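**Q** Coordinates for the following, if possible.
(chains A and B)
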Amino acid sequence: MRDHPMESTVERGVDPKSIAGKAPGVERRVPLVVVGAGAAGVAAATEAARAGVDVLLLDENPIDPDMMAMDVPLHFGQRMSPSVRNRALMVERVVEANPALAEAYEAGVDVQLGTSVWGAFRNGPTVRELEGPILGLSSEERSWLVGYHRLVVAAGVRDLGMAFAGWEKAGTAGANGAHSLMTRYRALASRRMVVLGSGTVGLRTAALALERGVEVAGVVEVSPEARGDETIRRALEGQGVRFYTAHTVREARGGTGEVEAIVLVRLHGHLTPIGGTETEIACDTVCLAIGLVPNVELLSLLGCRLRFRSELGGFVPEIDDRMGTSVPDVFVAGDCAGFHDGMITDARVARDQGRLAGIAAAESLGAIPGGRAEALRTELGHPSGSGPREVHSHWQRWLQSLINAGGWDVYTCQCEEVTRRELVDVQPPRYLGRQSERMRARTLGALLKEGPINPDQVKRLTRAGMGPCQGRRCREQVALLLASEANTPIGEMPLASYRPPVRPLPLNVLWPHDEPEETREQWVSWFGIPTQFGPQWTQTAAAHEPTTPPGGQPPFTLDK
Amino acid sequence: MTQVGGASVVIIGGGVTGLSAGWWLARAGVDVLVLEKGVVGWEASGRNGGGATHVYSPFGLEEQRLWPQMDELLGYPTEYQPYRIRVALSETQLALYRRNAEIAAERGFKTDLLDAKQLRELVPILGDNAVGGFHMHFGGHANPQRTVQAYAWALQDRGGRIYQHTTVTGVNTTGDRVTSVETTRGTFGADLVVIAAGPQTGLFAAMVGAYLPLAPARVEMIITEPLPPMFRGGVDGNGVYGRQTLRGNLAYGGGPHEWIDVTDMATPEQPSTPLVRNLARRVAELFPGAAHLRVIRGWAGIVENTPDGVPVVDRLASPSNVVIATMSSVGFGLSPAVGKGISELVVHGRCLFADLGALRLSRFADAPPDWRERLGWIPGLARTRDGGLLARTVP
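**A** Purely as a prediction, here's the structure:
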């Protein structure tokens, strides 16, 4: 099974407790894996399959309803109707909602729905034993590993979280989560929605909601003017949608852990609330449609170089004109390669990016001759859409208005219940009880005296972002808050790390049913060095320790 | 470079060992400077199981004595929790854990052997697959991330200094003594130098002419979503070590390590591997009642081992003003005591509270240069001849 070039030169034995020789097996190794069956992913898969490449196209919809309830991978906000538990029905709807999938099937693409990609592993300086790059996949029942020769990541975007008092109540959802429930699943359990954000995302979310029979009780915008396309805005107003410009959210109300109303407040020009201008609007859903963030967690795990580009939504992969990343066998396409309004207004952009990635992957596999690939590229041009513009200053304005209206004692991280104040004061979690004066003095300001800001360090100390949603709802807010408090431009804030599994999966799903017997037989909790945990308190005690522990393996000998 | 300052004691390495040593020295009124190439406690010191149950060590008694006081001594929380239960799912495991209990008994610590039913009464998420286990009336665990930061802050509170993002590039010697340390931030004079640099300790030892055989390896852990606190947080076994955190998460590691090379001072990447699945299995086997819990993170760290897996904590004969400390991959729990021991090696020339004879460097004087190969601790079977990665193209 193993045929690496060093094998014949290895004459001595290897440490039986080490990973050597126990590299995990893959169920299959596929020439091309495409992650995400949105417009970009389907186009990439179809293009490559038509060139004769064996393609595996993965999409995690329909998503495990228990994961949906954790706001993973999108901010569904507990507004799923019970029908999401009917898996067969959801598979049917997911397929129906995506007509391009049929083309992919016809082109011979192996499409696997309901399959999450939770890990991406490759050899590097400290990992040498993998037999090639590997993805960790899972269904609701099990996990397995698939190898690939080329990978196209078309993982889309997720919702930008923005905290206000009460946003942890059921009914605060993200625009992409709501969109997914309205389109893919036809399972949005909302009757009356207030949309936060009047850009393209907000307006289109409001329009879609109306179309699906959801009443839109208002669109809220922190800026003095509505931002998105005027035609859509007028159409919405024509249908009775009220726009609350120069407004922000004071709180979401509801007595039963459910959103029952939202309280807005009018803002001065400098984003401070004007007393006495509160408006309470009854609603069961507040839809955060302020921004969308490229999903780069797999790219980060793969070591693709990422760069902060505000006009593309934050950290995005560095790419060449063929949608190739800095890792030679990894390509990207669609929203995760960089999101801006043009990606929504012109559906061709994502699709053409997908085709480019599919062509490049197929070409690098030798399935498309260079000349033909070049001709296809000329035909496609370089699809990027129009109108990218910097977004983070607008996000920062929203955040500032929410702080001004709702204060600092609002949970930024819902999972770990970390408030904005606790975050910027870098205070330990409340379950540790009241802290000493010295501890209270160790704020962000104190930390900054020791070196540049490190979001992972703040995460460790405060626990913000360490919960089951894996930081999806708070990651950007935390970065914005820390940048603002540290007087650091948001573009200079390092990306907080991603660690696998990038989906929260049950222990018994991750459980490797394919585990080799040798792994089981040789398993030790720590190295298996016979003398490591023997008596060491005197030289005499150490000398008398038996070299083979009872039931342990024979020791290695240092035959000096 | 020009001399930019210095300290009575310069400590190379801001991991848990160096920080604790620095804190003890600062407590004793010594002018101490810790040099750290990255962020304090960022490597294996801050990402480990947090166990504090190492009574086999010469530092073991002091470890047990100190931990319950650490929050108070440091002035910052460590999340220390006492006691440990170790559960065996096979007779082999039970025999191994029994040996640990015997060693503890020799040191005067009490351990009860429990059957599956008694174990489940204490820890309801255990299953009926346990063949037995040991309830240790000693030991415990703490939060490594919080603890390393606590050492660093406490050290500063006592007047010690820490320079982060400062890489040591050389050590200057005059006669039998180290005089200064070269760094990316200038040269620092020193009356005495402590080398406690984890996997890089051997490289620094070589700079002062000492041979310290060390092999670095990558090891991994996983962590689940929280569940309500168990009666005792420190429950492990079945080939995994770890704890329930005070927050409620299950954090466990174990299984095959990967021997690697660390050839310079750079921090290598520390990716997790598909081993997260094998770890998940063992945690699910250990806690059948919690097998539905979701794994929300995995992480990896680089640790180093000596040929016998036993620490080296020693004051060199020559140069006469250097203390070397590697804990051979087991440093976190012992850190309160090790730091104290190092501070005594610095101040008194010997450890006053423990016999460190078994931890001397001289035991490796004759270790052959190819000792790693002889032990089979060789990195990278999948590495090509030229050191590149095994990248396969499509046939």
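**Q** ranges for the helices of the stretch 301-450 of chain A?
**A** Defined through DSSP state H, counting those that start in this stretch, the helices belonging to the stretch 301-450 of chain A, from first to last, are A:341-345, A:347-364, A:370-380, A:392-406, A:420-424, A:437-441, A:444-448.
**Q** could those go into a markdown table alongside mean neighbour count, mean pLDDT and distance to residue B:313?
**A** Yep, even glycine has a C-beta here, placed from its N, CA and C like the rest. Written out in a markdown table, the entries for these read as follows (neighbours: other Cβ atoms under 10 Å in any protein chain shown; pLDDT from 0 to 100; distance: least, Cβ to Cβ, whole Å):
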| stretch | mean neighbour count | mean pLDDT | distance to residue B:313 |
| --- | --- | --- | --- |
| helix A:341-345 | 20 | 93 | 58 |
| helix A:347-364 | 26 | 96 | 53 |
| helix A:370-380 | 13 | 90 | 61 |
| helix A:392-406 | 20 | 98 | 49 |
| helix A:420-424 | 22 | 97 | 39 |
| helix A:437-441 | 13 | 92 | 30 |
| helix A:444-448 | 16 | 93 | 31 |
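**Q** so which of these gets nearest chain B?
**A** Among these, the nearest to chain B by Cβ to the nearest Cβ is helix A:437-441 (5.1 Å).
**Q** Alpha carbons only: can I get that closest one in PDB?
**A** Output of helix A:437-441 as PDB, limited to C-alpha atoms (Å, rounded to 0.1, in the frame of the first residue of the first chain):
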ATOM      1  CA  GLU A 437      -7.500  44.100  41.600                       C
ATOM      2  CA  ARG A 438      -4.300  43.000  39.800                       C
ATOM      3  CA  MET A 439      -6.300  40.700  37.500                       C
ATOM      4  CA  ARG A 440      -8.800  43.500  36.700                       C
ATOM      5  CA  ALA A 441      -5.900  45.800  35.800                       C
END
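**Q** so how far is it off the chain centroid?
**A** Going by Cα atoms, centre = their mean, to the nearest Å, the spacing between the C-alpha centre of helix A:437-441 and its chain's C-alpha centre is 35 Å.
**Q** Contacts for that helix next, please.
**A** By Cβ atoms under 8 Å, 6 or more residues apart in numbering or on different chains, the surrounding residues in contact with helix A:437-441 are A:425, A:427-428, B:75-77, B:153, B:157.
**Q** Which neighbouring elements make contact with the top helix by length along chain B?
**A** In chain B, assigned by DSSP state H, the helix with the most residues is helix B:91-106. If contacts are counted by 3 or more Cβ pairs under 8 Å, 6 or more residues apart in numbering or on different chains; DSSP states H and E, helix B:91-106 sits against strand B:81-88, strand B:111-114, strand B:132-141.
**Q** Reformat the ones you listed as JSON lines; add distance to residue B:95 and mean neighbour count.
**A** Compiled in JSON lines, the helices and strands packed on helix B:91-106 are given as follows (distance: least, Cβ to Cβ, whole Å; neighbours: other Cβ atoms under 10 Å in any protein chain shown):
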{"stretch": "strand B:81-88", "distance to residue B:95": "8", "mean neighbour count": "23"}
{"stretch": "strand B:111-114", "distance to residue B:95": "12", "mean neighbour count": "17"}
{"stretch": "strand B:132-141", "distance to residue B:95": "10", "mean neighbour count": "22"}
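**Q** can you redo these as CSV with distance to chain A?
**A** Converted to CSV, the helices and strands packed on helix B:91-106 look like this (distance: least, Cβ to the nearest Cβ, whole Å):
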stretch, distance to chain A
strand B:81-88, 10
strand B:111-114, 14
strand B:132-141, 13
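**Q** Just put those strands in a markdown table and tack on mean pLDDT.
**A** Formatted as a markdown table, the entries for the helices and strands packed on helix B:91-106 read as follows, by pLDDT from 0 to 100:
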| stretch | mean pLDDT |
| --- | --- |
| strand B:81-88 | 96 |
| strand B:111-114 | 96 |
| strand B:132-141 | 96 |
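**Q** Any chance of JSON lines for the ones you listed, columns distance to residue A:39?
**A** Converted to JSON lines, the helices and strands packed on helix B:91-106 look like this (distance: least, Cβ to Cβ, whole Å):
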{"stretch": "strand B:81-88", "distance to residue A:39": "51"}
{"stretch": "strand B:111-114", "distance to residue A:39": "59"}
{"stretch": "strand B:132-141", "distance to residue A:39": "49"}
